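Engineer: structure, please.
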Amino acid sequence: MQQTATITKNIQDFGQKIGGAKKDLARNAMEQISLITNDALARQPLSKSFPRPDFARMSRDGLITGETAIKLQYLYNNIPAKPRYSYSVRRWVERVIPVIQIIKIGLENEQVLGDQPFVLKEGFTNFRKEMNAANWPHEDYSPYPFRIVHPHQFSSDRCFVVAKGNYIRHKANTIEECIAWIKDNAGTSKKATVFQCSVWRNPQADTYYITPVNKSGIVLKTFATREEAFAFRQEHMDELERIYRELRTIPEERRDWNRPRTGTNYRNGIDKTPEQFSAVFPFRGVEFGNWVTQLERAASLNEAYDALYDLAGILEISPQAITLDNQLALAFGARGSGKALAHYETLKRVINLTKKKGAGSLAHEWFHALDNYLCIKEGQSLLYATENPTTVASLSGVLSQLRTKIKQTDFYSRSKKIDQYKSKPYWATMVELTARAFEKYVITKLAEKGHINDYLANVKTVSEFLRPDVYPYPTDEEIREIAPYYDQLFGQIFGVLKEEIKQTA
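Structural biologist: Okay, here's the model as predicted:
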């Protein structure tokens, strides 16, 4: 007898509350601080290990007083910049950890902040005057890139000064006048930078080439003589800028549509209820965005159910093990915004798939979760094992071998080429390289069975991508070289941890 699909109604969040709403801001900040270790602070930028808490929002929501917000903002602002050289980082960590702990204490008990020595310092007194004059935190105010210099701090002039770097930009008799000037000027858009190029000589080929300034690896044009190169730069700067703009425009790496899934029929056409979903995949919590309709919620549960079952089959582990010791949470269109199709949050250990375009990124974000989970087991909750293989001693060997193999491929070279167009490395970081290679690994393993699951991993082929020179995934040939190292890694991870995960699931 043929079974008919059911329509699941009234699907709500289930499992534990994941947290992250505005009323959870103070608690989230304290949780973030509790996860910070000396190693995490030393190995990561401060913006990753301890992102600036939104003290103004906490105050406006009634979680802390305005006075407390000013004190905490002052403490965070005065955390010194992280040194570039490794030999200075340990001393920096020793200075920063106590400040972070004071911030945590202040969030737990505002009264304690009044007894801290910094409140008596002249620097804080001036900061408080400025923030009160700007009506912060009730009104938005950020002086960056300017700063207000108080009269006694500046020469013999008895006036307030607005400075930028070492240059005076404005003088005023009162701090309120300085703040008004900053509000009028700090938000102005930056002047458009003038595109500039450099001419270089290639001694091996005895040719000359033009590159954008400070980006010598990006060749825009090549010429036989020095004179030709300089003449072209002088007369055709618009064309060079157009070439550079086209080169730095990287196509979308995913299709904007998913092919129909082919594979084992796990549900027999029946919608899975939250109870049935949790019985197989006991995530810590599952939540939906307010704008995700009931029909979309049912579809998300069904597609995630099939995709996670496919993933468990590829890794040859139980479906329960996918939830990583029941610590992982899942969200559909409930967290974050912007261009990201999906993301993984280390603090809440949650994968979020956006409402419109998240489908296709599940395998990528799950690998981030696994990568972080390996460090969580070692007490380093903010780190990723692929970036810090020595953190996980039992896996450092196989992790290092995977890293080495990836760096030996053109996949790595192409990813580095993309980063040449970026302000900071992203595509060629090991955390992202291993997650993207894992997607290709998943697609390849499914294809070996004749299966397709674009909800799990949706990646354009080289021919679909249009720019083979910067294709950001392993090719079919490259993944064949890399795959054995993933096999080895998962064999060791789940050979050691599988039973432990099952017992605590």
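Engineer: okay, now the domains of this protein?
Structural biologist: With domains defined by automatic domain parsing, the chain comprises 143-185, 197-248, 274-504.
Engineer: and those domains as a markdown table, adding distance to A134?
Structural biologist: Where you see a C-beta, it was placed from the backbone N, CA and C, and this is true even at glycine. Putting the domains of the chain into a markdown table (distance: least, CB to CB, whole Å) gives the following:
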| stretch | distance to A134 |
| --- | --- |
| domain 143-185 | 5 |
| domain 197-248 | 36 |
| domain 274-504 | 27 |
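Engineer: relative to L35, which of these is closest?
Structural biologist: Closest to L35 of the domains of the chain is domain 274-504 (CB to CB; 4.2 Å).
Engineer: please state the offset of that closest one from the chain centre?
Structural biologist: Centroid separation for domain 274-504 versus its chain: 14 Å, with CA atoms, centre = their mean, to the nearest Å.
Engineer: any idea how far G360 lies from L353?
Structural biologist: For G360, the distance to L353 (CB to CB, to the nearest Å) stands at 9 Å.
Engineer: circling back to that earlier point, could the domains of the chain go into JSON lines alongside mean neighbour count, mean pLDDT and distance to E108?
Structural biologist: Shown next, in JSON lines, are those (neighbours: other CB atoms under 10 Å; pLDDT from 0 to 100; distance: least, CB to CB, whole Å):
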{"stretch": "domain 143-185", "mean neighbour count": "15", "mean pLDDT": "82", "distance to E108": "29"}
{"stretch": "domain 197-248", "mean neighbour count": "14", "mean pLDDT": "94", "distance to E108": "46"}
{"stretch": "domain 274-504", "mean neighbour count": "19", "mean pLDDT": "91", "distance to E108": "17"}
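Engineer: of all those, which one comes closest to S86?
Structural biologist: Using CB to CB, those put domain 274-504 closest to S86, at 14.1 Å.
Engineer: give me the number of residues near E130?
Structural biologist: Neighbour count for E130, taken as other CB atoms under 10 Å: 22.
Engineer: could you double-check that it sits in contact with I148?
Structural biologist: Yes. Shown here, E130 and I148 form a contact pair, counting by CB atoms under 8 Å, at 5.7 Å.
Engineer: need the overlap of contacts for these two.
Structural biologist: In the contact map built from CB atoms under 8 Å, 6 or more residues apart in numbering, the residues linked to both E130 and I148 are I175, I179.
Engineer: quick revisit: right, so of the domains of the chain, which gets closest to P83?
Structural biologist: Closest among the domains of the chain, using CB to CB: domain 274-504, at 17.5 Å.
Engineer: returning to that earlier point: the domains of the chain: which one's closest to R91?
Structural biologist: The closest of the domains of the chain to R91 is domain 274-504. By CB to CB, the value is 20.7 Å.
Engineer: what are the bridge partners for the most centrally placed residue in the chain, then?
Structural biologist: Residue closest to the mean C-alpha point of the chain, counted by CA atoms, centre = their mean, is H343 at 7.2 Å. Under the criterion DSSP bridges, H343 forms beta bridges with N352.
Engineer: which of the helices or strands spans the residue nearest to T390 when sequence neighbours are not counted?
Structural biologist: Spatially, and ignoring its direct neighbours in sequence, T390 is nearest to S396 (5.3 Å; CB to CB, 6 or more residues apart in numbering). In the assignment (DSSP states H and E), S396 maps to helix 396-407.
Engineer: what does that helix rub up against?
Structural biologist: By CB under 8 Å, 6+ apart, the surrounding residues in contact with helix 396-407 are 385-386, 389-390, 392, 412, 430, 433-434, 437, 481-482, 485-486, 488-489, 492.
Engineer: let's go with 6 Å and repeat that
Structural biologist: A385, P389, T390, Y412, M430, L433, I482, Y485, Q488, L489, Q492 (CB atoms under 6 Å, 6 or more residues apart in numbering).
Engineer: ok, the fourth one - contacts?
Structural biologist: Read it as Y412. For Y412, the contact set (CB under 6 Å, 6+ apart) comprises I406.
Engineer: kindly recompute the last result at 10 Å.
Structural biologist: R403, K405, I406, W427, A428, M430, L433, A437, P474, E478 (CB atoms under 10 Å, 6 or more residues apart in numbering).
Engineer: E378 reaches P389, doesn't it?
Structural biologist: No. Assessed by CB atoms under 10 Å, E378 is found out of contact with P389, at 11.3 Å.
Engineer: need the residues touching each of these two.
Structural biologist: Residues touching both E378 and P389 (CB under 10 Å, 6+ apart): L395.
Engineer: of the contacts of helix 396-407, which is the nearest to I243?
Structural biologist: Y412 (25.0 Å).
Engineer: please, which helix or strand holds that closest one?
Structural biologist: helix 410-419.
Engineer: tell me the angle that helix makes with helix 396-407.
Structural biologist: Orientation check (axes from the mean of the first three to the mean of the last three CA atoms, to 10 degrees): helix 410-419 against helix 396-407 gives 70 degrees.
Engineer: please save the CA atoms from helix 410-419 in CSV.
Structural biologist: Extracted as CSV, the C-alpha positions of helix 410-419 are listed here (Å, rounded to 0.1, in the frame of the first residue of the first chain):
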residue,chain,number,x,y,z
ASP,A,410,47.1,23.4,-7.1
PHE,A,411,43.9,23.7,-5.0
TYR,A,412,46.0,25.5,-2.4
SER,A,413,47.8,27.6,-5.0
ARG,A,414,44.5,28.7,-6.5
SER,A,415,43.1,29.6,-3.0
LYS,A,416,46.2,31.7,-2.3
LYS,A,417,45.6,33.5,-5.6
ILE,A,418,42.1,34.5,-4.5
ASP,A,419,43.5,35.9,-1.2
